[in-house]
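**Q** mind looking at a prediction? Sequence and model below.
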Amino acid sequence: LRASLSSGIAFPDWAYKPESSPGSRQIQLWHFILELLQKEEYHGVIAWQGDYGEFVIKDPDEVARLWGNRKCKPHMNYDKLSRALRYYYNKRILHKTKGKRFTYKFNFSKVVLVNYPLLDMASSPFLLAQNHFNGGAATPDCSPVTPEVQI
DNA sequence: CGCGGAACTG
DNA sequence: CAGTTCCGCG
């Protein structure tokens, strides 16, 4: 188990995923989703809606564009993004809300309860996300390297 | 749309 | 390993 030092609150392992290469750890899609969900400026694009942990992608094309932008994948689209989301079903991170279009649900209750039996679910996923991404320090767009050599 | 197999990539 | 790309099927 790990704790986020900057925010003060402990966050479960499943939400961390350190991964090899400390400096250049790739952004996880569901991290990115949570990041957008946390920012009010994207409420027209993606937002919490319905049950606890449930969210709707209001503008699939835009979310795909933003994701592609972050991953330097200019040809990203909802078809591909949704395939990535579907891989989360077996990983128990997400599942589909059947019937509701563009609607998925985080397995907060299940996974958090398993990893953190003492942590109650009073706090919304929004608060959890806020605590994890302390206010959104920086949102690095697709910018590979900035050598900036000066003499 | 939503699903999951399959090949492929860093 | 975490997607990306492509695709046939329902």
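**A** Nice, thanks for sending it over.
**Q** tell me the contacts of the residue lying closest to A:Asp59 once chain neighbours are set aside?
**A** On the basis of CB to CB, 6 or more residues apart in numbering, the spatially nearest residue to A:Asp59 that is not a chain neighbour turns out to be A:Val45, at 4.6 Å. In short, each C-beta sits where N, CA and C put it, glycine included. When contacts are counted by CB atoms under 8 Å, 6 or more residues apart in numbering, A:Val45 touches A:36, A:57-59, A:62-63, A:66.
**Q** among those, which lie within helices?
**A** Residues of the contacts of A:Val45 located in helices (DSSP state H): A:36, A:62-63, A:66.
**Q** SS state for A:Lys98?
**A** coil (DSSP: H, G, I helix; E, B strand; the rest coil).
**Q** how near is it to A:Phe106?
**A** With distances defined as CB to CB, to the nearest Å, the gap from A:Lys98 to A:Phe106 amounts to 16 Å.
**Q** please apply the same query to A:Tyr88.
**A** 9 Å.
**Q** any shared contact partners between these two?
**A** Shared between the contact lists of A:Tyr88 and A:Phe106 (criterion: CB under 8 Å, 6+ apart) are residues A:30, A:94.
**Q** would you mark the buried spots in stretch A:26-43?
**A** Of all the residues in stretch A:26-43, those buried under the rule 16 or more other CB atoms under 10 Å are A:28-38, A:42.
**Q** apologies, that question was intended for stretch A:55-65.
**A** Going by 16+ other CB under 10 Å, stretch A:55-65 has these buried residues: A:55-57, A:59-60, A:62-65.
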